[in-house]
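*Asks:* predicted structure and sequence below. I'll ask about it afterward.
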Amino acid sequence: MLQKDLLKKTYSLLPHLGPCLDGELDLNKRGMKLIDKFQSELEEGDFNLLCHFVLRTKYSTVRDADDLLGGPKEEQLEKQLGPNAQSFAEHIQTGIEWAGLEMSDFKPMVVTHKEDGRLGFAICQLDANVEPEAAIDSMVCCFEDSLEWMLPEITTSMCINEENPSSQIATIILGRILTGEPLHAPSCPCCEAEKEQV
């Protein structure tokens, strides 16, 4: 098999790949049709080479994307975040590292509030490599005065103040990260009252 053919087939398969856990190709229906077609066209050795190269390419591109899009460097956090958000970020990072997990698996990032420009530290409560969609849905962001959920339909938040400091909220979120049970947004009394009236 020529290099051109190997690259062409690999790039045609990449959009149809899932997480590929345990070193096995995880393909959707379109991907399965393609891989079956390639298997019928190629000799066994070339087909095995293709499968191996697809996995290697998948892992390397995911790693490179994490490096480019992953959490900001510690020095950047210190410059950008206020004391409450910084404290939250440091508690989360320390806990995750002590647990032997990778911070980048939870997609940490500094975000800017679209309405008022506040800076906050956002992180998923689930491993994005295992459950990508659920992880994004579980993302929370610590601003200076509140912890907010990133889904646009959620309008409630947890206040940050002397009685409820960001370090305490970080401990709660860290516990949820380590147990794999995301903390859901508190219900809004006004919204619940409206539902009861309908």
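*Replies:* Thanks, I have it.
*Asks:* Gly31 contacts Leu13, correct?
*Replies:* Yes - taking contacts as C-beta atoms under 8 Å, Gly31 lies within contact range of Leu13: 5.9 Å. Using the backbone N, CA and C atoms, a C-beta is placed for each residue, glycine as well.
*Asks:* what sits in contact with each of those two?
*Replies:* Common neighbours of Gly31 and Leu13 (criterion: C-beta atoms under 8 Å, 6 or more residues apart in numbering): Leu25.
*Asks:* so the two - more neighbours on which side?
*Replies:* The neighbour comparison of Gly31 against Leu13 (other C-beta atoms under 10 Å) goes to Leu13, with 22 against 19.
*Asks:* which ones are touching the more buried one?
*Replies:* Leu13 neighbours (C-beta under 8 Å, 6+ apart): 25, 27, 31, 34-35, 54.
*Asks:* all strands of this structure, in order?
*Replies:* 109-112, 119-123, 140-142, 146-149, 157-159 (DSSP state E).
*Asks:* can you list these in TSV and add mean neighbour count and distance to Ala99?
*Replies:* Listed next are the strands of the chain as TSV, based on neighbours: other C-beta atoms under 10 Å; distance: least, C-beta to C-beta, whole Å:
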stretch	mean neighbour count	distance to Ala99
strand 109-112	15	20
strand 119-123	24	14
strand 140-142	25	18
strand 146-149	22	21
strand 157-159	15	23
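*Asks:* let's have the ones you listed in a markdown table, adding distance to Gly180 and mean pLDDT.
*Replies:* A markdown table is the format used below for the strands of the chain (distance: least, C-beta to C-beta, whole Å; pLDDT from 0 to 100):
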| stretch | distance to Gly180 | mean pLDDT |
| --- | --- | --- |
| strand 109-112 | 21 | 84 |
| strand 119-123 | 14 | 90 |
| strand 140-142 | 15 | 92 |
| strand 146-149 | 17 | 91 |
| strand 157-159 | 20 | 89 |
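*Asks:* so which of those comes closest to Glu102?
*Replies:* For Glu102, the closest of the strands of the chain is strand 119-123, at 12.4 Å, according to C-beta to C-beta.
*Asks:* elements contacting that closest one?
*Replies:* helix 83-98, strand 109-112, strand 140-142 (3 or more C-beta pairs under 8 Å, 6 or more residues apart in numbering; DSSP states H and E).
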